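K.L.:
here are the coordinates; sequence isn't available:
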């Protein structure tokens, strides 16, 4: 039986958002050429790290990160790794979404969906080379500014 | 051949961070009891939505979200869904990490790793019921404040 501990406040924010791609070269080219995102750190075959606003977006090769650290590792980062099509949404204003749609289509990227939510706010969806479902959306779809 | 489009600015921030859990009841109980996170929206068997700082954390059942929308869907949200152990990191100060470790251990949650990075900043790691690798870390591990 779990006990609730005090003080009972939730986490204050997210520092790392993670998606996975086996072909990191294809991912790096796509995020650079299409989304103008350049990694501030990378390790061939394992990871691409990007700053995005006040946090980071980490793209890992799950075939590398599912391997547990050695028993004597100084930095025993736990294993993780998912397969399938993940999802991440970037924030954008309505005008920025117009600009992104133009940039994506100009780069030959298919816009998989483009609609306005019933409560207001627009989303556009597309894929990265690994099949991850990427989105640009207005923060107001979540009541955020 | 992809063409680069102007203006060539990257996304300004992340709006939605996504992880997956087949057993959403177990996830909801864990995030509420251990992390004090209460969903502002949920749909049984499909999704749990949480606010976290200036964005949202979405937990989806991949068995539901991999199903494509009907051809006549008014909101044709593209399918996505991953299996395996995802990863997300919450931001916390050094003092908050001390408090979280106490809360987690008090709730019977195993701390899988707890270390200081060579360039400074501490991380602690644990798992949610779906096996997702959760972390609390100081923003300075990424040079963020």
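P.N.:
Received, thanks. Only a predicted model underlies this, so the values are computations on that prediction, with no experimental measurement involved. Residues are numbered from 1 along each chain as shown, chains lettered A, B, ... in the order given.
K.L.:
how are the strands of chain A distributed by residue range?
P.N.:
According to DSSP state E, chain A carries its strands in the segments A:14-20, A:41-43, A:47-52, A:55-60, A:81-85, A:87-91, A:113-116, A:122-127, A:133-137.
K.L.:
can you state the direction angle for the longest one and strand B:47-52?
P.N.:
This points to strand A:14-20. What separates the directions of strand A:14-20 and strand B:47-52 is an angle of 140 degrees, with axes from the mean of the first three to the mean of the last three CA atoms, to 10 degrees.
K.L.:
strand A:14-20 close to chain B?
P.N.:
Yes: looking at strand A:14-20 against chain B by CB under 8 Å from any CB of the partner chain, the contacts come from A:14, A:15, A:16, A:17, A:18, A:20. The C-beta positions use only the backbone N, C-alpha and C, and glycine is treated the same way.
K.L.:
I'd like the distance from that strand to the chain centre, please.
P.N.:
On the basis of CA atoms, centre = their mean, to the nearest Å, strand A:14-20 sits 6 Å off its chain's mean C-alpha point.
K.L.:
quick revisit: same list (the strands of chain A) but as a markdown table, adding mean neighbour count and mean pLDDT.
P.N.:
As requested, the strands of chain A are arranged in a markdown table below (neighbours: other CB atoms under 10 Å in any protein chain shown; pLDDT from 0 to 100):
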| stretch | mean neighbour count | mean pLDDT |
| --- | --- | --- |
| strand A:14-20 | 25 | 98 |
| strand A:41-43 | 13 | 98 |
| strand A:47-52 | 19 | 98 |
| strand A:55-60 | 24 | 98 |
| strand A:81-85 | 20 | 98 |
| strand A:87-91 | 24 | 98 |
| strand A:113-116 | 14 | 97 |
| strand A:122-127 | 20 | 98 |
| strand A:133-137 | 23 | 98 |
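K.L.:
how much space between residue A:37 and chain B?
P.N.:
In this view, residue A:37 and chain B are 5 Å apart by CB to the nearest CB, to the nearest Å.
K.L.:
tell me the buried residues in the longest helix seen in chain A?
P.N.:
When chain A is parsed with DSSP state H, its longest helix is helix A:94-106. Judged by neighbour count (16 or more other CB atoms under 10 Å in any protein chain shown), helix A:94-106 contains these buried residues: A:96, A:97, A:99, A:100, A:101, A:103, A:104.
K.L.:
let's see the pLDDT reported for the fifth one.
P.N.:
In other words, residue A:101. Looking at residue A:101, its pLDDT stands at 98.
K.L.:
what residues are up against residue A:46?
P.N.:
The neighbourhood of residue A:46, defined by CB atoms under 8 Å, 6 or more residues apart in numbering or on different chains, consists of A:24, A:60, A:61, A:64, A:65.
K.L.:
report how many residues lie close to the closest residue to residue A:90 other than its chain neighbours.
P.N.:
For residue A:90, ignoring the flanking residues on the chain, the nearest one in space by CB to CB, 6 or more residues apart in numbering or on different chains is residue B:11 at 3.7 Å. Here the count is done by other CB atoms under 10 Å in any protein chain shown, and residue B:11 has 23 residues near it.
K.L.:
make sure residue B:11 is actually in contact with residue A:136.
P.N.:
Yes: applying CB atoms under 8 Å as the test, residue B:11 and residue A:136 come out as touching, 7.3 Å apart.
K.L.:
most widely separated two among the contacts of residue A:46?
P.N.:
A:24 and A:65 (11.4 Å; CB to CB).
K.L.:
what touches both of those two?
P.N.:
Taking CB under 8 Å, 6+ apart as the contact criterion, the residues that touch both residue A:24 and residue A:65 are A:46, A:47.
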